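> curious how this folds, go ahead:
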Amino acid sequence: MNFFRLLGTYLRVGVLNELQYRVNFFVQVFQSLLALGTGLIVLALVFSFTPTLGGWRQPELLVVMGVHILVGGFIRTFIQPNMERLMNDVQQGTLDYALTKPQDSQLLISVRETRIWQLVDVATGAIILIVAVAQLKESIGWAEGLGFATALLLGGLMVYCFWLMLTTCAFWVVRVENMLEIFQSMYAAGRWPVGIYPDWLRLGLTFLVPIAFAVTVPAEALTQRLTPQTLLGAAALTALLLVFSRWWWRFGLRRYSGASA
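Numbering: from 1, shown residues only. Model (predicted):
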């Protein structure tokens, strides 16, 4: 209960802060529409030369695009702002303000910031998914819907753990921003199914950076490609990342000396 109360408090504060700059909403809408238009043009160009790409038809790749935009919007709304603030706090020695509060430190640093205008991408991705599912000839039942929701949740947790582990490196490395830029560049590769990439890149996008589990696996659920084994593997990997990222965070805290050092 404390978690939801804390989350609600910070969410209200974040919304109030964002509402002070309402012009950012229109800027975000423009950026989202521009990115969507570019993606649709590229998709149309690809399928003007071939009926399938790696065994994926055009409506199925539209599903992948929708998941990619939706998950990206979630990252930029909830995960990225908090991790960027954590980096700044570590570098400036102001993390004390979170550590001295009577709440779990990892929980606090994970919910302090919310950029609500990025929810435009979440809505855009959801609309694309609805359109793509309507174009699919196969009917989507409750099993596919449940698999999609589960895979989406697991993928989101994996991305959170990955960001937390990277950001925790700020306790040792000064310029962590460079590593985060690498993640963002690799995330762009998620707009296509990882199966179309060479084996070495496919392994990297699956196990080193969990792009496959965050984007391709949820898309496989809606296109009836997802197997129970893949979903169980995603659940096991998520549990492992949650445990390891928790340990890594607590280990990193031992290196933090604070503003008084």
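
> low-confidence stretches in the stretch 101-250 of the chain?
For the stretch 101-250 of the chain, not a single residue meets the criterion pLDDT under 70.

> what pLDDT does F78 get?
F78 is assigned a pLDDT of 92 by the prediction.

> repeat that for V23.
Predicted confidence (pLDDT) at V23: the value is 86.

> that one: neighbour count?
By the criterion of other C-beta atoms under 10 Å, V23 has 8 neighbours. Where C-beta positions appear, they are placed from N, C-alpha and C, glycine not excepted.

> one more: the one 10 residues further on?
Each residue near L33 was counted by other C-beta under 10 Å, and the total is 12.

> how close does it sit to V46?
As for L33, its distance to V46 is 21 Å (criterion: C-beta to C-beta, to the nearest Å).

> now swap in L226 and tell me
In terms of C-beta to C-beta, L226 sits 23 Å off from V46.

> these two: which is more packed in?
Each of L226 and V46 has its neighbours counted (other C-beta under 10 Å); L226 has more, 22 against 13.

> surely G195 meets L53?
No - look at G195 against L53 with C-beta atoms under 8 Å: they stay out of range, at 9.7 Å.

> and the two? Which one has more around it.
Legend: neighbour count by other C-beta under 10 Å for G195 and L53, higher for L53 (18 against 14).

> how about the contacts made by that one?
Contact partners of L53, counting by C-beta atoms under 8 Å, 6 or more residues apart in numbering, are 46-47, 61, 192-193, 196.

> phi, psi of it?
Backbone torsions for L53, taken as degrees, to the nearest 10, come to phi -130, psi 110.

> only the buried residues of stretch 133-152, if you could.
Across stretch 133-152, burial judged by 16 or more other C-beta atoms under 10 Å covers 133, 136, 144, 147-148, 150-152.

> which two in these are spaced the farthest apart?
Within the buried residues of stretch 133-152, L136 and T150 form the most distant pair, 19.5 Å apart (C-beta to C-beta).

> nearest residue to the spatially most central residue of the chain in space, please, no chain neighbours.
Closest to where the C-alpha atoms of the chain average out (C-alpha atoms, centre = their mean) is I75, at 3.9 Å. Nearest residue to I75 in three dimensions, chain neighbours excluded: V159, at 6.1 Å (C-beta to C-beta, 6 or more residues apart in numbering).

> what about K101, which helix or strand?
If you go by DSSP states H and E, K101 is not part of any helix or strand.

> burial of it, as a residue count?
K101 has 12 neighbours, counted by other C-beta under 10 Å.

> return the distance of it relative to R255.
Distance, K101 to R255, by C-beta to C-beta: 20 Å.

> likewise for R202?
From R202 to R255 the distance is 34 Å (C-beta to C-beta).

> ok, Q106 next?
Q106 is 15 Å from R255, by C-beta to C-beta.

> out of those two, which sits in the busier spot?
The residue with more neighbours, out of Q106 and R255, is Q106; 17 against 11, by other C-beta under 10 Å.

> so that one lies in a helix, does it not?
Yes - assessed with DSSP: H, G, I helix; E, B strand; the rest coil, Q106 lies in a helix.

> can you classify the residue nearest to it when sequence neighbours are not counted by secondary structure?
Nearest-residue entry for Q106: W249, 5.3 Å, with adjacent residues in sequence omitted and distances by C-beta to C-beta, 6+ apart. Put simply, W249 is helix when judged by three-state DSSP.

> kindly tell me how buried W249 is, as a neighbour count.
Other residues within reach of W249, judged by other C-beta under 10 Å, total 20.
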